[in-house]
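Chemist: How does the following fold in three dimensions:
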Amino acid sequence: MTARALDEIATDLREALTATNRAREEALRLSREVIQFSSRSIRAVHRGEMESSRGLANEARSRVHAVIAALAAHPDLYNAGYVHDSQKEYVEAEAMLAIVADVPLPEPAQLGVEPAAYLNGIAEAASESRRYVLDRLRLGDMERAETVLKVMDDIYYELVTFDFPDAITGGLRRTTDALRAVLERTRADLTLTASQRRLENAIQNALSADILAVRSQSNQQ
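Modeler: Numbers count the residues shown, from 1 in each chain. From the prediction side, this is the model:
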């Protein structure tokens with residue numbers, strides 16, 4: 001085999017690295033768009049704009065798949081942090097849609113995401129659901145608030161069973177610990193609201209009984 005000149009080797013390497021850099025730049029751009037669309041989707045959920053939220057989540061989904069395609073020949077780049085972060089945000093948006101719509105969470109294969117991104121995404125969605133629970137409480141919808149709190153609980157108790165190194169789970173332990181704190185605060189808020197409502201009902205019943213008693217005495221007189 002005839003040895004090649006260094007400049008020829010360098011030319012080949014330059015072309016290979018140029019292709020890698022081009023794929024990286026494209027993946028970065030798409031990942032930023034995934035995060036942007038996912039964030040807007042979650043915001044739309046809280047506003048009750050479900051159709052808009054679904055459309056934004058679909059936009060995020062198309063870009064998640066585009067990232068996979070862009071990095072198909074560059075597996076080293078696919079395992080970069082920005083891919084994980086964008087997939088996590090997308091999972092959060094899809095999970096929020098499912099939680100608010102009271103339907104089962106989508107599976108990782110449906111979303112086209114990696115296991116670590118999925119687990120962290122549903123954990124983030126569970127934490128984000130606190131805002132939805134508080135909105136339900138302000139509207140007096142205790143039943144719905146309790147239902148969503150149970151979903152948050154179910155997600156937490158599944159996540160704590162994943163006892164693997166952070167390098168594998170993408171820092172799931174920290175995310176789960178944060179969710180536990182959110183759960184405790186949310187449960188306390190719901191318990192306080194329920195107690196206040198029982199007290200208000202008791203006072204209202206007592207006042208109604210007093211009014212009836214006064215009316216009865218007036219009628220007897």
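
Chemist: looking at this structure, which helix or strand does the model trust least?
Modeler: The weakest-scoring helix or strand in the chain, judged by mean pLDDT, DSSP states H and E, is helix 172-220 (a mean of 76).

Chemist: what's the domain layout of this protein?
Modeler: The record's domain parsing of the chain by automatic domain parsing lists 8-103, 114-221.

Chemist: Tabulate those domains in CSV, adding columns for mean neighbour count.
Modeler: Any C-beta I mention is one placed from the backbone N, CA and C, and that applies to glycine too. Converted to CSV, the domains of the chain look like this (neighbours: other C-beta atoms under 10 Å):
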stretch, mean neighbour count
domain 8-103, 17
domain 114-221, 15
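
Chemist: residues contacting Ala70?
Modeler: 23, 26-27, 30 (C-beta atoms under 8 Å, 6 or more residues apart in numbering).

Chemist: now it: how far from Ile122?
Modeler: 25 Å (C-beta to C-beta, to the nearest Å).

Chemist: cool, Ala66 as well?
Modeler: 23 Å.

Chemist: repeat for Leu192
Modeler: 27 Å.

Chemist: swap in Asp141?
Modeler: For Asp141, the distance to Ile122 - C-beta to C-beta - is 23 Å.

Chemist: Equivalent analysis for Ala95, please.
Modeler: For Ala95 relative to Ile122 (C-beta to C-beta), the value is 5 Å.
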